[in-house]
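Participant: can't give you the sequence, but here's the structure:
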DNA sequence: CGCCCTAAGTCATCTGAGGACTTATCCTCG
DNA sequence: CGAGGATAAGTCCTCAGATGACTTAGGGCG
């Protein structure tokens, strides 16, 4: 087997076998090199691979540690790659977001959290008052993120967050011919979601969330905007 | 900025800016080192990071290339990290699978594909006839994978596949006290899914798929089996 | 008792060298 | 003339050694 692959397999094995649990520290690099039978270069390249995937974490001057192995954290690592996916692929991803977020929004509606509803309403007030693309994106993210969090599954929140972040690189909300129409439709969509949550109607919440995101998909398909990263 | 991070940013930028598209080749390592102002070690570590995420691909003796940047391929890279997630996290992931697979199964039911239905029935015949854990796992994967593929969104297929692969490392189907009961329940669940698809009933298909995966979640919670990787 | 300083431990980076694999080219042979 | 293999150039892979940078713990000083 190639040296780097051997190192990679060895490191993974140490975690998979349970020898090292979340947060625990690996032996120093020279010792790992001896144990795995590879050079430091190869070991470090293998470690970088796992670090990129969020499995381990190297701290300069301190050591190399197993990460928390939390699904949400690991999924958030995907943003590095997801942000490079071209438009065609983003549309596939948006279907995933639509389905997951509809589910999470329904779960949020099933909760009876008055505080959440007030916070969401406040966000929408500010969102409707601004036309700044950056603020729109930030407030939109905050709105959806809060709802997903209320949905109760951090993995879903992370996954939808990564996908939303990718979509955000496309300039939908730029001053242009359709800006006002798009913004108003978006604002109405958000209000519909909030109304369903406030009405404790999970089915309506799922529908509203699904429709809202489907609308985004339509805009992306129609406008095919140029990404800015 | 740290050298490796600088190299990482530089490589990503070359893709994000559109200078290099899917399948295209990077300049040789020495030239990239000059251009990015880092040593070969740092450049290679950065490249390994991106390779782990499925963004680039190094071919020994040939060169380094931008990957296809296909969402399904990128997501399949996650199996390397997902397979190390402990049971607690797997349960969160299974909820994602449940929601997505219900969606895909409904979409598959909306199609009218007699050939698919015959293939699925054949798989279930073989699945019901075996008690070998490895075969059960393989046939189960084939069954669900075919349905997800018919659902039409490769990203969903890849994502559910990664999660299913993780769950498969837990020995649910091992000879034991509950083996027969579990196997029969699982077989009935598969038949219910197939019946809904054959009946072209998307709502029933979604329900059947959801119930089937929810059952798996219950078993994992109850049995808390020991993983084998 | 607290603060600073020191030293040991560890990861980060650079340099230079040789090996291994792929690919294209050219030459030989049929 | 075509096909096959030998050759050479291009490229990534691995190793080794040395130095720098950062973290942490412990001791000394005020």
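Facilitator: Perfect, I can see it now. Computed from a predicted structure; not experimentally measured.
Participant: my guess is residue A:79 meets residue A:166, correct?
Facilitator: Yes: with contact defined as Cβ atoms under 8 Å, residue A:79 counts as touching residue A:166 (7.4 Å). C-beta: built from backbone N, CA, C; applies to glycine.
Participant: check chain A for the residue nearest DNA strand D and tell me.
Facilitator: Nearest residue of chain A to DNA strand D: residue A:61, at 2.1 Å (Cβ to the nearest atom of the strand).
Participant: how many residues are close by that residue?
Facilitator: 4 (other Cβ atoms under 10 Å in any protein chain shown).
Participant: what stretches of chain A score poorly on pLDDT?
Facilitator: Confidence mapping of chain A against pLDDT under 70 gives the ranges A:169, A:171-177, A:224-229.
Participant: in it, which spans are strands?
Facilitator: A:56-59, A:63-66 (DSSP state E).
Participant: so for residue A:84, which of these sits nearest?
Facilitator: strand A:56-59 (22.8 Å; Cβ to Cβ).
Participant: which one of residue A:79 and residue A:166 is surrounded by more residues?
Facilitator: Set residue A:79 next to residue A:166 and count neighbours by other Cβ under 10 Å: residue A:166 wins out with 25 against 16.
Participant: can you tell me which residue is nearest the centre of chain A?
Facilitator: The centre of chain A sits closest to residue A:162, judged by Cα atoms, centre = their mean, with a distance of 2.4 Å.
Participant: and that one, what does it touch?
Facilitator: A:75-76, A:78-79, A:82 (Cβ atoms under 8 Å, 6 or more residues apart in numbering or on different chains).
Participant: run the last query once more with 6 Å
Facilitator: Contact partners of residue A:162, counting by Cβ atoms under 6 Å, 6 or more residues apart in numbering or on different chains, are A:78-79, A:82.
Participant: now it: how far from residue A:148?
Facilitator: Distance of residue A:162 to residue A:148, computed by Cβ to Cβ, to the nearest Å: 12 Å.
Participant: what's the answer for residue A:7, then?
Facilitator: Separation of residue A:7 from residue A:148 (Cβ to Cβ) stands at 37 Å.
Participant: was I right about residue A:53 contacting residue B:82?
Facilitator: No: the pair residue A:53 and residue B:82 does not pass the contact test of Cβ atoms under 6 Å, sitting 9.2 Å apart.
Participant: overlap of the contact sets of those two?
Facilitator: With Cβ under 6 Å, 6+ apart, residue A:53 and residue B:82 have no common neighbours.
Participant: so for residue A:14, which of the strands of chain A sits nearest?
Facilitator: strand A:63-66 (8.4 Å).
Participant: who touches that closest one?
Facilitator: A:15, A:20, A:22, A:24-26, A:56-58.
Participant: relative to residue A:114, which of those residues is nearest.
Facilitator: Among those, residue A:22 lies closest to residue A:114 (Cβ to Cβ), at 35.9 Å.
Participant: can you pull the contacts of that closest one?
Facilitator: Counted by Cβ under 6 Å, 6+ apart, residue A:22 has contacts A:66, A:68-69.
Participant: residue A:130 too?
Facilitator: For residue A:130, no residue meets the contact criterion (Cβ under 6 Å, 6+ apart).
Participant: repeat that with 7 Å
Facilitator: Counting by Cβ atoms under 7 Å, 6 or more residues apart in numbering or on different chains, residue A:130 touches residue A:136.
Participant: try residue A:36
Facilitator: Contact analysis of residue A:36 by Cβ under 7 Å, 6+ apart lists A:6-7, A:10, A:43.
Participant: which of those fall within helices?
Facilitator: Applying DSSP state H to those, the entries found in helices are A:6-7, A:10, A:43.
Participant: quick check, nearest of those to residue A:181?
Facilitator: For these, the minimum distance to residue A:181 (Cβ to Cβ) is 55.3 Å, reached by residue A:7.
Participant: residue A:43 is in contact with that closest one, correct?
Facilitator: Yes: with contact defined as Cβ atoms under 7 Å, residue A:7 counts as touching residue A:43 (4.8 Å).
Participant: measure the residue lying farthest from the centre of chain A to residue A:62 for me?
Facilitator: No residue in chain A sits farther from the centre than residue A:34, which is 38.2 Å out by Cα atoms, centre = their mean. Distance, residue A:34 to residue A:62, by Cβ to Cβ: 21 Å.
Participant: what is the burial count for the residue nearest to residue A:151 when sequence neighbours are not counted?
Facilitator: Spatial nearest neighbour of residue A:151, excluding adjacent residues (Cβ to Cβ, 6 or more residues apart in numbering or on different chains): residue A:104 at 3.1 Å. For residue A:104, the neighbour count with other Cβ under 10 Å is 27.
Participant: my guess is residue A:104 meets residue A:148, correct?
Facilitator: Yes: with contact defined as Cβ under 7 Å, residue A:104 reaches residue A:148; the gap is 4.5 Å.
Participant: can you pull the contacts of the residue nearest to residue A:123 when sequence neighbours are not counted?
Facilitator: Spatial nearest neighbour of residue A:123, excluding adjacent residues (Cβ to Cβ, 6+ apart): residue A:143 at 4.9 Å. Going by Cβ under 7 Å, 6+ apart, residue A:143 touches A:120, A:123-124, A:127, A:190.
Participant: brilliant, that's me finished.
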